[in-house]
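> Quick one: sequence plus predicted model below, questions after.
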Amino acid sequence: MVRPAHRRPGQSRKAQYSLFVAYVIAVTGAVAGLLLAVLSVVDPVGFAQLRIASQELAAPVARVTRSVTGSISGIDDNVSAYVKAGTQNRRLRQELADTRRKLVATSSLQEENRQLKALLRLQQIDKAALAHGYLLTSTSTSSKRIALLSIGRKVGVAAGQPVRGADGLIGRVLSAGPSVSQVLLLTDVENIVPVRRARDGLPALSSGRGNGYLDVRTLNIANNPFKPGDILVTSGTGGLYPPNIPVAIVVRRQDDGALARPLADPAKVDAVSVLRPYTPDNIEAAPAPAAVPAP
Amino acid sequence: MSRTGPRLGEPASLWRMRIVPIATVMVASALPLMLPLVASSPVLPPFGLLFFLCWQLLRTEMWPVWIGLPLGLWNDLFSGAPIGTAIGLWTIASITIHYLSQRIYWRGFFHDWAIAAILIAAVQALSALIVHPHADSGRILGLVLPQIVISMLLVPLFLRLTGKFDNFRLKRR
C-alpha cells in the first residue's frame, strides 16, 4: 500500500487556487447536474438529440453482438433438444403459448362481435402495422425500462406509437432517431396502459412494477373481481394503444387489484411491429374505409 | 514501481497514462447498451460506476474532483436515467472519496471495499429515486436492492481489474 501524497499544495499560491477552483467547479457542476436531472424528469424527452446520438453509436455494436449471441443460443437450443425431458418441456411450453394465443384471439373476437360494424371496420384498418423491427438491447443497469428498437425515423417511426409483438403489447415509442428508436417497455414504472378483461370487458389500468410484472387496478374499487388466469387486453381508452391487443395474464390477487405477467416477453420476442397511435385524427385521416368493402 | 527497476527506461507514454482510465470508464458505461440483453429488471451492475470508484480509490490524485462531470454525462447518455443524475451523484461520490482519503490516511483493502460499497448503494438508490419521483419509494428501493448487493460483491474483482489496467497504464516502453 502506498502512502497517499499530500493534499496540501504547499506554499504555491497558484497550486492552492487551482485546487480551490477544482472544488468550486465540482460542487457547482454537481448541483447543476442534479437540478438538470430533476427538470428532465418533468420533461422526459429533453436532450433527445444527445441521447439519440449516443444510441446511434451503441446500436451498430448491439446489432453485431445480437447476431453473434443469437447464433450461439441457437446452438444451445439444439444441444438441449437432445435431452428427452428438455424436448418434451419445450414442446409443451410451445403448445401452451399457442393455446394461450388462440384463447386470447377467441376472447377478443367474441368481444369484437358485440361491437358495432363501423367500429370493427375502423379497428381493422388501424391494426395495420407501420413498420417491423426487432429489439436490440435495453438499459439493463438502470431502473428505467427502455429498449432500443432497430428501426427509426427513416421508416416512419415517431414518438408515441404503440409497439407490439406476436404475443402481445411490448410498449410505446419514446423517441425516434434516424435508424434506432427508444421503446418504453410495458413493465416500466411510468408506463400506464388502459386495459379491460378479455372475458367481460371489465375496465382496469395496468402499470409496470419495474421487475417484469404489472400492477392491475380496477376503476371501481368496491370489490376485487380478478382471478388468476384472467387475460387482459388493451381497451383503446385514452387513444394511444389500439383496442384488443393482448397485454397480460393475472398471476394472483392483491389488496388493491391484481399482479399480472405480460404475455409478450421482450427478451424472447423475435420481431415487433410498430402500430399507428389510436387517435381520432389518425383514424379520420385514413381514407381506406370507403375502398374496403365491409365484411 | 521505480524502487525495484532501474530508472533508465523511458517513462510510460503520457497519452496512455491519461487515456486508459478514462477509456475504461467510458467503455464500461456504454457496454450494457451494446449487449443483446432486453432485461425486465435492473440486472446488470453499473460497470461504469464501479470502474469510476475503483480508479479513484486506487489513484486518488490522478483525476481532479470535477472528473465526474464529463464522465457522468457520458454515463447518463447510455444508462437511461435523466441527464444530470450521474453528473451530480458521481461528482458527490468523487468529493466523498477525496475527503475520506484525507481522513483515513492509511486506507486498506477493506476500507476501499467499504467506501465503494457505501457509495454504490447511495448512488444507485438516489438515482432510482430521481428517475421515479412519483412512485412508492420503498418499492423502488426494493427494485434496485439486488443490483446494489451484486455490485458490492463485485467491488474486489473490479479493484483487481483496475489494478491490472493501472499496470498497463504505467508500463514502460
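Alright, I've got the coordinates. Residues are numbered from 1 along each chain as shown, chains lettered A, B, ... in the order given.
> C-alpha from now on. contacts and neighbour counts both.
Noted.
> Give me the most central residue, chain B.
Nearest residue to the geometric centre of chain B (CA atoms, centre = their mean): B:Phe52, 2.3 Å.
> before we move on, what SS does that one have?
Applying DSSP: H, G, I helix; E, B strand; the rest coil to B:Phe52 yields a three-state assignment of helix.
> And the pLDDT for it?
The model reports B:Phe52 with a pLDDT of 96.
> who are the neighbours in contact with it?
With contact taken as CA atoms under 8 Å, 6 or more residues apart in numbering or on different chains, B:Phe52 is in contact with B:Val25.
> Distance of it relative to A:Leu185?
As for B:Phe52, its distance to A:Leu185 is 29 Å (criterion: CA to CA, to the nearest Å).
> ditto for B:Leu126
Applying CA to CA, the value for B:Leu126 to A:Leu185 is 22 Å.
> Of those two, give the one with the bigger neighbour count.
Taking neighbours as other CA atoms under 10 Å in any protein chain shown, B:Leu126 and A:Leu185 compare with A:Leu185 leading, 28 against 15.
> just the strands in the chain please.
I'll assume chain A. Here chain A has its strands, by DSSP state E, at A:129-133, A:135-138, A:146-149, A:162-164, A:169-176, A:181-185, A:192-197, A:203-208, A:214-218, A:231-234, A:246-254, A:257-262, A:272-275.
> Can you get me a residue count around whichever residue of the stretch 51-200 of chain A sits closest to chain B?
Closest residue of the stretch 51-200 of chain A to chain B, CA to the nearest CA: A:Ala62 (4.3 Å). Residues within reach of A:Ala62, counting by other CA under 10 Å, total 25.
> Leaving aside the residues adjacent along the chain, what's closest to A:Ser140?
B:Pro42 (5.1 Å; CA to CA, 6 or more residues apart in numbering or on different chains).
> how about the one you found, phi and psi?
phi -70, psi 90 (degrees, to the nearest 10).
> Would you mind measuring from it to A:Arg145?
B:Pro42 is 8 Å from A:Arg145, by CA to CA.
> Out of these two, name the residue with the larger neighbour count.
Each of B:Pro42 and A:Arg145 has its neighbours counted (other CA under 10 Å); A:Arg145 has more, 29 against 24.
> Grab the nearest non-local neighbour of the more buried one.
The shortest distance from A:Arg145 to any non-neighbouring residue, by CA to CA, 6+ apart, is to A:Asp188 (5.0 Å).
> List the contacts of the one you found.
A:Asp188 touches A:Lys144, A:Arg145, A:Ile146, A:Ser207, A:Gly208, A:Arg209, A:Gly210, counting by CA under 8 Å, 6+ apart.
> Mind picking the two most distant members of those residues?
A:Ile146 and A:Ser207 (14.8 Å; CA to CA).
> Out of those two, name the residue with the larger neighbour count.
The neighbour comparison of A:Ile146 against A:Ser207 (other CA under 10 Å) goes to A:Ile146, with 29 against 20.
> about what we covered before: any idea how far the residue nearest to A:Arg145 is from A:Tyr241?
For A:Asp188, the distance to A:Tyr241 equals 16 Å [CA to CA].
> quick one on the thing from earlier: and the strands of chain A as a markdown table, adding mean pLDDT and distance to B:Lys171?
Below are those laid out as a markdown table (pLDDT from 0 to 100; distance: least, CA to CA, whole Å):
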| stretch | mean pLDDT | distance to B:Lys171 |
| --- | --- | --- |
| strand A:129-133 | 84 | 46 |
| strand A:135-138 | 86 | 36 |
| strand A:146-149 | 90 | 39 |
| strand A:162-164 | 91 | 51 |
| strand A:169-176 | 90 | 44 |
| strand A:181-185 | 90 | 42 |
| strand A:192-197 | 90 | 54 |
| strand A:203-208 | 90 | 50 |
| strand A:214-218 | 89 | 52 |
| strand A:231-234 | 90 | 60 |
| strand A:246-254 | 89 | 56 |
| strand A:257-262 | 90 | 52 |
| strand A:272-275 | 89 | 49 |
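> and of the ones you listed, who's closest to A:Asn224?
That would be, of the strands of chain A and by CA to CA, strand A:257-262, which comes in at 6.0 Å.
> Include distance to A:Ile25 when you put the strands of chain A into TSV, please.
Shown next, in TSV, are the strands of chain A (distance: least, CA to CA, whole Å):
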stretch	distance to A:Ile25
strand A:129-133	44
strand A:135-138	33
strand A:146-149	32
strand A:162-164	43
strand A:169-176	32
strand A:181-185	33
strand A:192-197	40
strand A:203-208	39
strand A:214-218	43
strand A:231-234	50
strand A:246-254	48
strand A:257-262	46
strand A:272-275	45
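> looking at the ones you listed, which is closest to B:Met152?
strand A:135-138 (22.6 Å).
> Show me which residues of the stretch 51-200 of chain A sit near chain B.
Within reach of chain B by CA under 8 Å from any CA of the partner chain, the stretch 51-200 of chain A has these residues: A:51, A:54-55, A:58-59, A:61-63, A:65-66, A:69, A:135-147, A:187, A:189-190.
> Just the buried residues out of those, in ChimeraX syntax.
Here is the ChimeraX selection string for the buried members of these, based on 16 or more other CA atoms under 10 Å in any protein chain shown:
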select /A:51,54,55,58,59,61,62,63,65,66,135,136,137,138,139,140,141,142,143,144,145,146,147,187,189,190
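> how about the helices in chain B?
B:14-30, B:47-58, B:68-79, B:85-103, B:109-131, B:137-170 (DSSP state H).
> so which of those helices comes closest to A:Leu232?
With CA to CA as the criterion, A:Leu232 lies closest to helix B:137-170 of the helices of chain B, at 23.9 Å.
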